[in-house]
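*Asks:* 3D model of this:
(one chain, ligands or ions: 3)
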Amino acid sequence: GMTIGILGGGQLGRMMAVAAIQLGYRVIGYAPAGDNVAASACDDFFENGWGERDALAAFASRCDVVTWEFENVPLSAVEAIPEAMLAPHPKALGIAQDRLNEKRFVEELGAVCAPYVRVENDHDFARAVERVGTPGILKTARDGYDGKGQWRIGSAHEVEGIRFPGRACIYEGMVAFETEFSVILVRGRDGDIRFWDSSANTHDGGMLVHSVLPAGALVEAQVEQARKIAAQTAEALRYVGVLTLEFFATQSGPIFNEMAPRVHNSGHWTVEASATSQFENHIRAIAGLPLGGTATRFASVDMRNIVGEDALAAHEILNEGGEPHLHLYGKRDARDGRKMGHVTRVSHEAP
Ligand code: ATP
Ligand code: MG
Ligand code: MG
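*Replies:* Ligands and ions are numbered 1, 2, ... in the order given. Have a look, this model is predicted:
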């Protein structure tokens with residue numbers, strides 16, 4: 001049988017590994033030492049740094065195909081693995097690792113973005129706020145996730161209160177959106193593309209906390225346009241696997257925010273509520289298997305993240321009604337409001 005390699009050791013890798021094991025594959029993970037919760041779902045796990053080229057080569061030599069669960073794997077590490085083994089193609093990582101690159105790339109394909117300006121220093125920052133206006137958000141161009149590396153600016157005088165992070169950033173206008181949604185698609189090796197339904201996503205402090213279906217009339221009215229952009233992005237990248245694009249639904253149409261070249265938190269509900277989950281279809285795509293259906297099997301779906309200390313409430317959650325499907329990631333501690341798990345509820349009744 002085939003051996004699948006996964007770069008990164010977080011919960012996305014863990015759930016990907018579970019799907020791969022179910023399909024009869026061997027799974028080997030690779031990530032720097034840390035709280036690698038994917039390790040317990042893998043047949044073997046390399047705890048080595050991203051800079052250890054020999055270890056990366058040894059890892060790759062045991063795999064047939066290598067994928068990632070984390071888009072900030074350094075490109076230099078990915079380049080230590082033979083290109084033909086990688087799926088998706090590493091070009092997708094290069095683009096998605098930089099907010100300016102990803103916005104330009106998807107804009108070229110016809111997407112609308114919030115106004116944004118590249119910012120290198122304090123001086124640029126003040127000028128960017130003048131040009132784009134307030135409210136807005138300063139984001140590090142690279143390495144951010146779950147809202148980390150972001151500063152919200154309500155009015156121009158707040159600029160002075162922010163110590164510029166000393167690395168390339170982007171300043172973008174705040175979008176007055178009605179709903180956030182993501183387009184999650186899978187593209188097979190033969191170019192077959194399938195979409196899951198788009199849930200309405202709610203964030204708290206920049207971190208996803210809640211996804212629900214149905215997503216409401218506004219999202220439903222503009223999901224087709226957003227899918228077109230997502231499909232063009234996947235095709236332009238000759239993408240293989242699951243790709244996510246995040247959008248803001250506004251009265252004037254969908255505004256593209258960012259992409260994630262991987263399975264996505266807003267697709268966790270697909271495990272219980274879709275014909276085939278995002279994790280299984282990602283594995284099927286990279287393994288060259290036929291893709292599974294992506295239809296939603298319930299009238300309503302509700303996925304809530306368990307963040308930080310809330311993990312202690314597992315017993316309470318299982319005692320609640322609505323047949324909760326509880327997923328805990330086995331993280332060692334709940335510091336810094338980390339994502340500790342999630343709960344999905346499905347219903348044949350519309351809300
Ligand atoms: P992720 O964990 O999804 O990778 P991230 O740290 O890369 O998150 P973003 O997705 O850019 O960050 O921003 C996090 C959240 O902050 C968004 O989902 C949205 O709720 C809010 N946000 C970001 N940019 C804007 C914007 N321009 N206008 C309005 N809200 C925004
Ligand atoms: Mg992001
Ligand atoms: Mg995001």
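*Asks:* quick one: buried residues of the worst-scoring helix or strand of the chain on mean pLDDT?
*Replies:* Lowest by mean pLDDT, DSSP states H and E among the helices and strands of the chain is helix 314-319, with a mean of 86. Neighbour-count burial for helix 314-319 flags 314, 317 (criterion: 16 or more other Cβ atoms under 10 Å). Just so you know, the C-beta spots here come from the backbone N, C-alpha and C atoms, and that holds for glycine as well.
*Asks:* Centre of the chain to that helix, how far?
*Replies:* With Cα atoms, centre = their mean, to the nearest Å as the basis, helix 314-319 stands 27 Å off its chain's centre.
*Asks:* now do stretch 156-165
*Replies:* Between the centre of stretch 156-165 and the centre of its chain there are 29 Å (Cα atoms, centre = their mean).
*Asks:* List every C-alpha atom in it, with coordinates, as CSV.
*Replies:* Output of stretch 156-165 as CSV, limited to C-alpha atoms (Å, rounded to 0.1, in the frame of the first residue of the first chain):
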residue,chain,number,x,y,z
ALA,A,156,-6.1,57.5,12.4
HIS,A,157,-4.7,58.7,15.8
GLU,A,158,-4.5,55.1,16.9
VAL,A,159,-1.6,54.6,14.5
GLU,A,160,0.8,56.2,17.0
GLY,A,161,-0.2,53.7,19.7
ILE,A,162,0.9,50.7,17.6
ARG,A,163,4.5,49.6,17.6
PHE,A,164,5.2,48.7,14.0
PRO,A,165,6.2,45.0,14.0
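*Asks:* which helices and strands does the helix or strand following the least confident helix or strand of the chain pack with?
*Replies:* Going down the chain from helix 314-319, the next helix or strand is strand 325-328, by DSSP states H and E. Applying 3 or more Cβ pairs under 8 Å, 6 or more residues apart in numbering; DSSP states H and E, one finds that strand 325-328 contacts helix 270-273, helix 314-319, strand 339-347.
*Asks:* closest to ligand 1 out of those?
*Replies:* With Cβ to the nearest ligand atom, the closest approach to ligand 1 among the helices and strands packed on strand 325-328 belongs to strand 339-347: 9.4 Å.
*Asks:* Who does the closest one pair with, and is each partner parallel or antiparallel?
*Replies:* Applying DSSP bridges, strand 339-347 is found paired with strand 300-307 (antiparallel), strand 325-328 (antiparallel).
*Asks:* what is the rounded mean pLDDT of the shortest one?
*Replies:* Yep, that's strand 325-328 we're talking about. Taken as a whole, strand 325-328 has a mean pLDDT of 95.
*Asks:* Close to ligand 1: what parts of the stretch 151-300 of the chain are there?
*Replies:* Within the stretch 151-300 of the chain, the residues that sit near ligand 1 (Cβ under 6 Å from any ligand atom) are 172, 174-175, 180, 203, 206, 246, 257-258.
*Asks:* Buried ones among these?
*Replies:* Neighbour counting over those (16+ other Cβ under 10 Å) leaves 172, 174-175, 180, 246, 257-258 as the buried ones.
*Asks:* Low-confidence stretches in the stretch 251-351 of the chain?
*Replies:* Low-confidence segments of the stretch 251-351 of the chain, defined by pLDDT under 70: 310-312.
*Asks:* And the residue of it that's closest to ligand 1?
*Replies:* Here the residue of the stretch 251-351 of the chain nearest ligand 1 is Glu258; by Cβ to the nearest ligand atom that distance is 4.9 Å.
*Asks:* Could you check how many residues crowd around Ala168?
*Replies:* 16 (other Cβ atoms under 10 Å).
*Asks:* residue contacts, it?
*Replies:* Going by Cβ atoms under 8 Å, 6 or more residues apart in numbering, Ala168 touches 100, 118-120, 140-142.
*Asks:* swap in Gln11?
*Replies:* By Cβ under 8 Å, 6+ apart, the contact set of Gln11 is 37-38, 329, 331, 339.
*Asks:* Going by neighbour count, which of those residues comes out on top?
*Replies:* Ala38 (27 neighbours).
*Asks:* Test my guess that that residue contacts Ile4.
*Replies:* No: with contact defined as Cβ atoms under 8 Å, Ala38 does not reach Ile4; the gap is 11.8 Å.
*Asks:* one step back: show me which of the contacts of Ala168 is closest to ligand 1.
*Replies:* Nearest to ligand 1 among these: Thr140, at 9.1 Å, using Cβ to the nearest ligand atom.
*Asks:* Look at the closest residue to the closest one other than its chain neighbours and report its pLDDT.
*Replies:* Distances taken as Cβ to Cβ, 6 or more residues apart in numbering put Gly149 closest to Thr140, at 3.7 Å, once the chain neighbours are dropped. pLDDT recorded at Gly149 is 93.
*Asks:* residues near Gly149, how many?
*Replies:* Using other Cβ under 10 Å, the number of residues around Gly149 comes to 18.
*Asks:* quick one on the thing from earlier: from Ser266, how far off is the residue of the stretch 251-351 of the chain closest to ligand 1?
*Replies:* Between Glu258 and Ser266 the computed distance is 12 Å (Cβ to Cβ, to the nearest Å).
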